[in-house]
Structure formats: structure tokens, C-alpha cells
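Novice: sequence? don't have it. structure:
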């Protein structure tokens with residue numbers, strides 16, 4: 001009897017533990033489901049944050065997301081009660097109904113489809129913002145849940161994050177008004193949308209250049225974590241550059257010609273960038289010393305903004321940098337000698353407040369093709385080492401405080417296309433540097449005291465188009481080679497009082513491309529040759545200015561179809577101005 005009682009007691013204990021274990025299991029399951037499921041009767045958030053929180057330390061990965069299949073039953077195919085149906089996006093393509101598409105409510109694990117999607121997307125955007133259909137994020141979420149044929153009839157989450165990020169971008173940049181939004185906000189695969197490039201169904205490129213994007217770049221752009229290139233050139237995007245630091249595959253950013261504000265070189269960009277282009281915005285701030293972390297950078301274009309400060313010496317560590325554009329900013333100081341260590345091809349620093357001498361270390365930049373330092377405060381001279389930069393095609397140092405003589409070594413730069421040295425404090429004569437500059441199209445030396453004769457070799461160059469020698473101390477006559485030039489378009493020798501003699505005539509076929517000839521303010525005498533005056537009817541000549549000096553003009557124009565007006569010049573000198581339109585040029 002005691003043994004039987006003991007057995008019965010043992011069996012009762014076993015049943016009790018089993019019941020207790022079951023209760024614990026049910027409670028645990030309830031807690032798990034409580035985390036996954038929303039309570040339909042829960043009230044909406046009282047307020048919505050104005051900004052999106054910083055992205056998580058690890059972005060969601062579209063590639064590794066599993067696929068879940070819908071199950072039959074468990075719902076009536078309509079959105080659950082308590083979740084208000086959002087209005088359809090205005091960009092619904094033809095064929096979509098005004099009502100949300102029917103879709104399964106539950107997936108194979110018993111989790112509602114919208115809860116499943118929400119679990120993924122709230123890793124990127126706060127839930128209260130996702131549920132607010134007045135935000136770009138809320139509109140994107142509502143579209144995917146209710147109208148997107150790629151997702152509205154399945155529990156497939158592969159590609160969900162990429163699609164959400166793209167649709168958020170669409171709504172944040174006024175996608176309905178884009179010049180070309182083909183495919184966007186429709187049911188086709190997002191890899192087929194205009195401007196979207198994919199690899200293995202993952203977004204790797206976004207190119208919406210000149211597409212009338214208006215708005216701002218949403219923070220959710222970072223969720224395109226496999227993006228390699230993004231080109232939003234020439235749109236109307238405002239706001240700041242978003243945090244893109246986690247986009248480790250990103251190599252090229254082109255946000256030029258927009259309305260962006262904030263730091264021009266933010267610390268929230270991926271260090272693997274090779275091309276960073278933000279010229280033509282409203283960006284500000286300085287270039288941080290930490291920019292030397294961008295070891296792969298080849299292009300840094302931040303011109304036409306409001307940058308201040310100096311160029312940090314740490315930029316000398318960017319050994320792969322080929323192109324540096326910082327023109328039209330408020331930068332100042334001297335150029336770090338460390339830049340001479342970089343095999344750059346283009347340096348464009350015009351229209352700033354840089355000063356002191358151009359570093360001698362630049363003589364090592366043998367690969368340099370573009371050297372634009374105009375409109376700064378540089379002092380010193382052009383050293384003879386300039387002749388070592390034999391790959392130069394564009395050299396502009398005009399409008400500085402440079403002095404000394406013009407080195408003859410400029411004649412060694414046989415690839416030059418554009419050479420501008422005017423508005424400086426040079427002395428001496430202009431050397432004949434033009435014999436071997438067969439590619440030269442533009443030469444400018446205006447507003448200097450450089451003297452000497454006008455080199456005849458200049459007008460023998462086969463490509464020369466624009467010559468500005470105004471306001472100089474050049475002397476002698478205009479060489480006869482001027483009349484033979486087949487390429488010259490504009491020639492300005494005005495306000496150079498030591499220039500004398502007649503204007504040479506246009507030879508057979510010569511000056512056929514001439515558009516502008518300014519010879520006023522000189523000591524040129526005689527008539528403008530009829531072969532030049534006749535170019536106004538037979539060719540492109542639009543503007544000719546010469547001294548009138550009262551009733552006995554020193555340079556009359558004895559050509560037919562003259563149209564001229566007189567205008568008051570400096571020191572009471574009158575000019576004859578001829579224009580095809582009859583107006584004063």
C-alpha cells in the first residue's frame with residue numbers, strides 16, 4: 001500500500017510539472033508574438049519626429065533575406081480592421097484600381113504580412129514615421145503594402161529594402177514631376193526603372209541626371225547598401241548630404257548643380273570613394289584634415305560653393321588624386337607644398353583668396369594638364385620650371401599679384417590650348433613663345449605693362465581663335481599675318497597707345513571667322529580696309545571698334561552697309577562702333 005501511494009504521488013507530480021511547463025511555453029510564445037504583432041486597436045502615435053534617426057550600425061542586406069510564402073485562410077484578403085486604408089499614391093500607373101489590391105493577411109508563420117514588412121523596414125525608419133502617410137517614408141510603405149503588385153500578393157521580402165529605399169527617394173524628390181519616371185511607382189521590377197542599375201537583382205547604380213528632382217535626399221538612401229554610383233547632377237535638390245558612411249561599396253557621388261547646404265565635405269561619407277562631385281551648390285564649411293582617410297579618391301570637385309579655410313596639408317596623402325576643383329569659394333592661405341607629391345592632372349583654384357607664391361614643389365607635377373589659379377592673390381613670379389610641365393593644356397594665372405618677366409620656357413608647353421597671364425604686374429617684353437604652340441586657341445595678356453612687338457607667329461598658329469592684348473604697352477604694327485589667319489575669331493588690341501600703323505587687309509580667304517575687332521585707343525591711322533568692312537555682309541564680323549576723333553576720323557571705315565553709332569569713351573575720345581544690329585557693343 002505505501003508503494004502504491006508513492007507511485008500515485010509520483011504520477012501526480014509528473015502531471016503537475018507537465019502542466020506548468022506547458023503554461024510557461026504558452027506564456028513565452030505569447031511574449032514572442034507580442035513583439036511581432038501589432039494590436040489593431042492600438043492608437044496612432046501622438047506625434048511624428050521631424051527627422052529620421054541615424055541609421056543602424058549594420059544595414060539590412062537584401063541578398064540574405066529569406067522568402068516566406070503566403071498560406072490560404074486566416075484572413076479575408078482585405079486590410080485588417082483598425083488599419084486605415086491610405087489614399088493611393090498619385091503616380092499609380094494605368095491599370096491600377098483606386099482601391100488597394102487584395103492580399104493575404106497572414107504568412108506561413110502566422111505573422112501578418114504588413115507586420116513582417118514592418119519588422120524589416122523599421123530597422124531603417126522609425127515605425128511612427130512609416131505609419132504616417134504624409135511622409136515620403138510613409139507613402140513608400142503604404143505603396144508597398146497596398147498597391148505594389150510585386151509585394152501586395154505575397155510574403156516575399158527579397159528586394160523589399162531596396163524597393164522601399166527607392167520609393168522613399170521617389171516621394172522625397174517629387175517623383176510625379178520628374179522629367180522621366182518610367183517604371184517608378186509601378187508593379188515592374190525596380191531594376192527596370194529609369195535610372196536604376198542592378199547586379200543580381202540588387203541596386204548598384206542610380207542615375208537621374210537633369211531629371212527635375214525637387215526636394216531633398218532622404219536618409220533612407222543608405223539602405224541601398226550595395227550602391228556603387230549615384231548621379232543626381234543638375235536638379236533642384238535642397239537640404240544636406242545624408243549620412244552615407246555605411247555604403248561601403250559606394251565609389252562615385254555626383255550631386256553637382258543642385259541647392260544643397262551644410263558641410264561640403266561631411267564626415268559621414270564612405271572612405272572608399274573614388275569620385276566626389278558637389279560643385280555648384282550652397283555648401284560651406286572647411287576641408288577636414290581627416291580627408292586623408294579617402295585613400296582611393298581620384299576626383300574632388302567642390303567648386304562654386306562657400307567653402308572657407310585653407311587646404312589642409314593632409315591632402316598630400318591622397319596619392320591617387322587626379323583632379324582637384326575648389327574654384328569660386330572663400331578659401332585662403334598658401335598652398336601646401338605637399339600637393340607637389342601627388343601626380344595630379346587638374347588643379348582648379350580660381351576665384352578664391354589664396355596667396356603667397358606658387359610652391360616650387362609643383363615642378364614635380366609633370367602629369368598636370370589643367371592649372372587654373374586666376375583671380376586670387378598669388379605673388380612672386382612664374383618660375384622657369386614651368387617649362388617642365390609639358391602636358392599642360394590650360395594655364396591661367398591672370399588677375400593675381402604676380403610680377404617679374406614672362407619666362408621663354410612657356411614656349412616649351414606645346415600642348416597648350418589656353419594661356420592667360422593678364423592683369424598682373426609683369427615687366428619687360430613679351431617673348432616670342434608661340435612658334436611651337438600649334439594647339440593654342442586662346443591667348444590673353446590684357447591690362448599689363450608688357451611691351452615689345454606683336455609676334456607675327458601668333459597669327460600663324462592654325463588653331464588660334466581669341467587674342468586679347470588690350471591695355472598693354474605693346475608697340476609697332478599689327479603684323480600682316482593677322483590678315484591671313486583662317487581661325488581668328490576675336491582680336492582686341494584696344495587701349496594700347498604704342499600700337500601704330502594701318503590695319504592690315506584680309507587676304508584671300510583670311511579672317512573668314514572674324515567676329516570682333518577692337519582697335520580703338522591706339523595710334524593706328526588710315527582706313528579700315530574694305531576687305532575687312534565687307535566681312536560684315538559676307539562673313540561673321542559683328543563688332544568693329546575704332547577711333548573716330550571728331551570730324552576727321554583717324555580710322556574711317558570705307559565700307560558699304562555701314563551701321564555705326566558714336567559713344568563717349570574715356571578721356572573724351574569717341575569711337576566708331578559698327579554692329580550688325582546697329583547697336584552699341
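Specialist: That came through, no problem. Model, not experiment: these values are computed from the prediction. Residues are numbered from 1 along each chain as shown.
Novice: Excluding chain neighbours, what is closest to residue 353?
Specialist: Nearest non-adjacent residue to residue 353, counting by C-beta to C-beta, 6 or more residues apart in numbering: residue 332, 4.1 Å away. In this view, the C-beta of every residue, glycine as well, is placed from N, C-alpha and C.
Novice: and the one you found, backbone torsions?
Specialist: With angles defined as degrees, to the nearest 10, residue 332 sits at phi -150, psi -180.
Novice: which residues does it contact?
Specialist: By C-beta atoms under 8 Å, 6 or more residues apart in numbering, residue 332 lies in contact with 308-310, 352-355.
Novice: Out of the residues you listed, name the ones that lie in strands.
Specialist: If you go by DSSP state E, the contacts of residue 332 have 353-355 in strands.
Novice: Now restrict those residues to buried residues only.
Specialist: residue 354 (16 or more other C-beta atoms under 10 Å).
Novice: List just the nearest of the contacts of residue 332 to residue 336.
Specialist: residue 310 (8.0 Å; C-beta to C-beta).
Novice: Tell me which residue is most central in the protein.
Specialist: residue 256 (2.0 Å; C-alpha atoms, centre = their mean).
Novice: Please tell me how far that one sits from residue 232.
Specialist: 8 Å (C-beta to C-beta, to the nearest Å).
Novice: So residue 294 sits against residue 267, correct?
Specialist: No. Assessed by C-beta atoms under 8 Å, residue 294 is found out of contact with residue 267, at 11.0 Å.
Novice: Neighbour count: the two, which is higher?
Specialist: residue 294 (22 against 11; other C-beta atoms under 10 Å).
Novice: part of a helix, is residue 537?
Specialist: Yes. The assignment for residue 537, made by DSSP: H, G, I helix; E, B strand; the rest coil, places it in a helix.
Novice: got a pLDDT number for residue 329?
Specialist: Residue 329 carries a pLDDT value of 98.
Novice: now it, what's its secondary structure?
Specialist: Going by three-state DSSP: residue 329 is coil.
Novice: Which residue, other than its chain neighbours, is closest to it?
Specialist: residue 307 (4.1 Å).
Novice: just residue 526 next, same as before
Specialist: residue 502 (3.9 Å).
Novice: cool, and residue 302?
Specialist: residue 264 (4.9 Å).
Novice: Tell me the predicted confidence for the one you found.
Specialist: pLDDT at residue 264 comes out at 97.
Novice: same deal with residue 568?
Specialist: 39.
Novice: Likewise for residue 562?
Specialist: For residue 562, pLDDT reads 39.
Novice: Kindly report the same for residue 156.
Specialist: pLDDT at residue 156 comes out at 76.
Novice: just to revisit the earlier point, of all the contacts of residue 332, which comes closest to residue 515?
Specialist: The closest of these, once distances to residue 515 are taken by C-beta to C-beta, is residue 352, at 31.9 Å.
Novice: List the contacts of the closest one.
Specialist: 326-332, 375-376.
Novice: rerun that using 7 Å as the cut-off
Specialist: Counting by C-beta atoms under 7 Å, 6 or more residues apart in numbering, residue 352 touches 326, 329-332, 376.
Novice: Just the pLDDT for it.
Specialist: 98.
Novice: and the nearest residue to it once chain neighbours are set aside, how many neighbours?
Specialist: Nearest residue to residue 352, sequence neighbours excluded (C-beta to C-beta, 6+ apart): residue 331, at 4.6 Å. Per other C-beta under 10 Å, the neighbour tally for residue 331 reads 23.
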